[in-house]
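>>> This is the structure alone, sequence omitted:
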């Protein structure tokens, strides 16, 4: 059976197409008898408004676009979950695309979304790609995530990666570790470079040498990096991994080699993805509340869409919290959370996150 059209609804309700549109969009005055007839016709015909036609008449799609560097892994799954929950709360739908960490693919994704979404959320670990995204979007409201700078001059949410890394290393130092290695994320990635810089700063302040092995934020790279450190005979007693998945890979490599954690080596990750609490030993990590950050991003974008002024250029800074678990030798105590201590936030920026002892 052919789908009913708005004209079919108007004919059945004996009203004009304009009256049907006003009832369905809640725009303009409509007499109560007319409204009832239209709704009865809609139900009888099982009419579903065409989103494309509706967006042409209202200039809104009630859809937001999300462009991520990847869709694989627990971090992005948690982020999308938070975005989706907030989208439903505000009456929006999501279109999610991956740039595969490639500027050309990000450009293609943005162009494909123009005219189909009311706003964009772009997560990019590369500043050039983030700037490109904002310029390609035209008049669309754009919220940048994790661009790496607090003075981008655009609405943005960034993680204090540097401060979080400093706090992670300080925790290892506080537990008596002095030979602390770092598994870094990929070169050219702003988050990875900021976490590496924080590690280097904390080690320098303590008067200790740095030991760095590069990874790529995957579990497999963390396993390879830890295996390399073991094979080289590095006398380590601490490890800060650039994210949780690399930390999990390192834990597996240590177990395979008979290296005990935390007795022989303490391990700290970054992000607090769900698996961090489930592995054994459970992983001490820097928590950034991924899903909640996603919810905050979506809510912020909705505000940009509805305000339609372009006046909001603030940068919200997410302060990571240290969550202490078994991998750093605190197995017998409850989780303790301490916010990262970082440099002052740029003027005019706000902060997300909190300091708590639980």
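All right, it came through fine. Predicted model only: the values in this text are computed from it and were never measured. Residues are numbered from 1 along each chain as shown.
>>> can you map out the helices along the stretch 251-358 of the chain?
Shown for the stretch 251-358 of the chain, the helices assigned by DSSP state H, counting those that start in this stretch span residues 275-278, 290-307.
>>> helices or strands up against the first one?
With contacts defined as 3 or more Cβ pairs under 8 Å, 6 or more residues apart in numbering; DSSP states H and E, the packing partners of helix 275-278 are helix 244-256. All C-beta spots, glycine's among them, are computed from the backbone N, C-alpha and C.
>>> which residues are contacting the helix it packs on?
73-75, 183, 185, 215, 217-227, 230, 239, 241, 260-261, 264-265, 267-273, 275-276, 279, 281, 283, 285, 327 (Cβ atoms under 8 Å, 6 or more residues apart in numbering).
>>> From these, which land in strands?
Judged by DSSP state E, the contacts of helix 244-256 include 183, 239, 241, 267-271, 285 as members of strands.
>>> Is residue 158 located within a strand, as I assumed?
Yes. According to DSSP: H, G, I helix; E, B strand; the rest coil, the state of residue 158 is that of a strand.
>>> buried ones in stretch 159-178?
When burial is assessed from 16 or more other Cβ atoms under 10 Å, stretch 159-178 yields the following buried residues: 159-173, 175, 177.
>>> From the residues you listed, which land in strands?
Using DSSP E, these in strands are residue 159.
>>> most centrally placed residue in this protein?
Compute the mean C-alpha point of the chain, and by Cα atoms, centre = their mean the closest residue is residue 79, 4.6 Å away.
>>> residue contacts, it?
Residues in contact with residue 79, defined by Cβ under 8 Å, 6+ apart, are 68, 123, 290-291, 293-294.
>>> Residue 171 too?
Shown in contact with residue 171 (Cβ under 8 Å, 6+ apart): 268, 284, 322, 324, 328, 338.
>>> Swap in 6 Å and give it another go.
Each residue near residue 171 by Cβ atoms under 6 Å, 6 or more residues apart in numbering is listed here: residue 322.
>>> So what's the predicted local confidence for it?
Note on residue 171: pLDDT of 97.
>>> Could you list the buried residues of stretch 217-228?
Quick answer for stretch 217-228 (16+ other Cβ under 10 Å): 217-219, 221-227.
>>> Restricted to helices, list these.
Helix and strand membership here follows DSSP state H; of these, those in helices are 219, 221-227.
>>> I'd like the residues you listed laid out as TSV, including distance to residue 143 and pLDDT.
What follows is those, written out as TSV (distance: Cβ to Cβ, whole Å; pLDDT from 0 to 100):
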residue	distance to residue 143	pLDDT
219	29	97
221	30	97
222	30	98
223	35	98
224	35	98
225	33	98
226	36	97
227	39	97
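>>> closest to residue 31 among those residues?
Residue 31 has its nearest neighbour among those in residue 219, at 62.9 Å by Cβ to Cβ.
>>> Can you tell me how far the closest residue to residue 5 other than its chain neighbours is from residue 301?
Distances taken as Cβ to Cβ, 6 or more residues apart in numbering place residue 47 nearest to residue 5, at 7.7 Å, with adjacent residues excluded. Here residue 47 is placed at a distance of 30 Å from residue 301 (Cβ to Cβ, to the nearest Å).
>>> ok, now residue 258?
Here residue 258 is placed at a distance of 49 Å from residue 301 (Cβ to Cβ).
>>> Between these two, tell me which one has more neighbours.
Neighbour comparison, residue 258 and residue 301: the larger count goes to residue 301, with 27 against 8 (by other Cβ atoms under 10 Å).
>>> Was I right to think that one contacts residue 144?
No. In this structure, residue 301 sits apart from residue 144 without contact. The criterion is Cβ atoms under 6 Å, and the distance is 10.6 Å.
>>> Who are the contact partners of residue 20?
Residues 6, 9-10, 38 are the ones in contact with residue 20 under the rule Cβ under 6 Å, 6+ apart.
>>> Kindly recompute the last result at 8 Å.
If you count contacts by Cβ under 8 Å, 6+ apart, then residue 20 has 6, 9-10, 13, 38, 41 around it.
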